[in-house]
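A.B. asks: whatever this is, show me its structure:
(2 chains)
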Amino acid sequence: GEDVEQSLFLSVREGDSSVINCTYTDSSSTYLYWYKQEPGAGLQLLTYIFSNMDMKQDQRLTVLLNKKDKHLSLRIADTQTGDSAIYFCAPFRDAGNMLTFGGGTRLMVKP
Amino acid sequence: DTGVSQDPRHKITKRGQNVTFRCDPISEHNRLYWYRQTLGQGPEFLTYFQNEAQLEKSRLLSDRFSAERPKGSFSTLEIQRTEQGDSAMYLCASSSRGERAFFGQGTRLTVV
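C.D. replies: Got it, this is the predicted structure:
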């Protein structure tokens, strides 16, 4: 099955950029997603990238995909305290029709 | 459209009781997913419906778990004879194809 790995924790200062990294094993994933989860809440879809793209920019968010290394990253520019949350990387597996989630990266933004 | 709706938001039940959760997906979405999330972990896939057909089911889904989507719209997830290990957040998501799955706020189950 798919394995998705993320670092557990990231701490940045307000106004800095944050980069959250993810590695995955299933090279057949057609879409790769980033979700944000605040305490006690469901998952909010932030952005996604098609597997035939290298980069996608969406306002403060930049997603980079290295298919060869099976590495996905999410860059948040000008990080704000409201960005503090857990971020999940989730490749979509066509075989099985499911999103597979990593363990999440907790982002803490210090004022 | 208010997005994916789940009911109830919280459920406390005694061990051995049955519980049922409901999910109302985004109206035009034909795909519906159930996930389970325990504290400090990422969501784990439970099952997937395309319209009313249950097409995928995780090995995590024991015989005590059953899910239905009778008319291809809302779905229910029932857990029979609940155990303390069933305590988790149960998340529902919907999509129109494989892309852009939107999640509900989840149902938090506590088994005491």
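
A.B. asks: show me what contacts residue 78?
C.D. replies: Just going to use chain A. Contacts for A:Asp78 (Cβ atoms under 8 Å, 6 or more residues apart in numbering or on different chains) come out as A:15, A:17, A:60. No exception for glycine: its C-beta is placed from N, CA and C like everyone else's.

A.B. asks: let's do chain B instead
C.D. replies: B:18-21, B:65-68.

A.B. asks: taking those residues one by one, which sit in helices?
C.D. replies: Judged by DSSP state H, helices contain none of those.

A.B. asks: if we can go back for a sec, may I ask which of the contacts of A:Asp78 has the most neighbours?
C.D. replies: Among those, A:Arg60 has the most neighbours (other Cβ atoms under 10 Å in any protein chain shown), with 14 neighbours.

A.B. asks: how near is that residue to B:Tyr90?
C.D. replies: 31 Å (Cβ to Cβ, to the nearest Å).

A.B. asks: list phi and psi for B:Gly85.
C.D. replies: Backbone torsions of B:Gly85, given as degrees, to the nearest 10, read phi -70, psi -10.

A.B. asks: what is the burial count for it?
C.D. replies: What B:Gly85 shows, counting by other Cβ under 10 Å, is a neighbour count of 8.

A.B. asks: going through the contacts of B:Glu78, which ones are buried?
C.D. replies: B:19, B:21, B:65, B:67 (16 or more other Cβ atoms under 10 Å in any protein chain shown).
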